[in-house]
Structures are given as structure tokens and as C-alpha cells.
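In: just coords:
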């Protein structure tokens, strides 16, 4: 089962939801997201390394879901290259500007992967770029593999605890 953010179409209702929902009759629309005038299913996933860093920074699922919702609605953050973005989730008590930086992989209408995270306070005090060109290239190369993952591969990685799914309950 994949997670999704539930954002209804402009008419405010779910009347145009996919037909299989009408067949199940359970009224559960939590796996669907209204994106570019159509219903899609999306998953929000974390790497174990990202999970560890975000717990150390006290970033909750609600904060990640808020960041994911912004990405799905077009506020992706800084583009680093193909499928790769730097997003600033807010830290409790700090906000987005002075807090964490996350490396996110996303392709329109597909799954969202929070891959890496660092705190702005961990950066050196020197002026300059937060990420070096070779780091950005490495992230972009890795992103291609994440974006190309099949549902079966994702399920295996979830089972093996190599990916962690975020469930958004908005």
C-alpha cells in the first residue's frame, strides 16, 4: 500500500475518483492525490539514512507531509538537476529558512523519495555553495535509479527495511 496526500479537485469533492474506489465502496481515498486534473497514486518514501537524520532533527511525519504536499503542488524547492531537488522542511522552533535541507527525488506524477538530509548549522561558516558540483552529480545519478523503481522493487525494499514509507493523515 502506498501513501498519498488527499487533495480534492477544485469542485471540492471526490466524485471523479478512480472507478475501483466506487467498486470497493469503502470510501477510502487516502492513496489518491489530485494532480494536474487527474487522480494519481503516489508514495512518499525515506531512506534509512534520511530517517535517522530526521529523527535526530525532530522532524515529524507531519512536517514531511507538508513538504511533500508543497512539492506535489509545484513548490519543489531548488532544482539540482534531473529529478533532484533541495527542499527545506521546517524544523520545530526554527522554520524552513534556518533549518534542515533535504535532497528529494521526484518526477511529475510519481513517487517522492526523501534521500538525504543535513542541517544548515552543520555547514562550515565559509561563504559558498552548500553542495559541491560532484555531490550534485552523484545525487542526480542516484535519482534516476529511484525514479525508475517498479512497485515490486519498492515493496521488496520496504520489506527489507531499505525504504520507509510515510503515511500522511491530513
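Out: Looks like it arrived, so ask away. All values reported here derive from a predicted model rather than from experimental measurement. Residues are numbered from 1 along each chain as shown.

In: what mean pLDDT does the strand or helix carrying residue 143 get?
Out: Using DSSP states H and E, residue 143 maps to helix 133-147. Helix 133-147 shows a mean pLDDT of 94 in the predicted model.

In: ranges for the strands of the protein?
Out: Counting by DSSP state E, one finds strands in the chain at the ranges 32-35, 38-41, 44-46, 78-81, 84-87, 100-106, 112-119, 164-165.

In: closest one to residue 63 among those strands?
Out: Proximity to residue 63, assessed across those by Cβ to Cβ, is greatest for strand 100-106 (9.0 Å). C-beta here means a position set from N, CA and C on the backbone, and glycine is covered the same way.

In: what pairs with that closest one, parallel or antiparallel?
Out: With DSSP bridges as the test, strand 100-106 is paired with strand 84-87 (antiparallel), strand 112-119 (antiparallel).

In: give the contact list for the closest residue to residue 81 other than its chain neighbours.
Out: If the residues on either side of it in the chain are set aside, residue 81 comes closest to residue 140, at 3.8 Å by Cβ to Cβ, 6 or more residues apart in numbering. Listed by Cβ atoms under 8 Å, 6 or more residues apart in numbering, the contact partners of residue 140 are 80-84.

In: mind running it again at 7 Å?
Out: 80-82, 84 (Cβ atoms under 7 Å, 6 or more residues apart in numbering).

In: what's the answer for residue 44, then?
Out: Contact analysis of residue 44 by Cβ under 7 Å, 6+ apart lists 3, 64, 68, 112, 165-166, 168.

In: skipping adjacent residues, who's closest to it in space?
Out: Using Cβ to Cβ, 6+ apart and skipping the chain neighbours, the partner closest in space to residue 44 is residue 166 (4.2 Å).

In: from what I can see the one you found touches residue 66, true?
Out: No - with contact defined as Cβ atoms under 7 Å, residue 166 and residue 66 do not form a contacting pair (11.3 Å).
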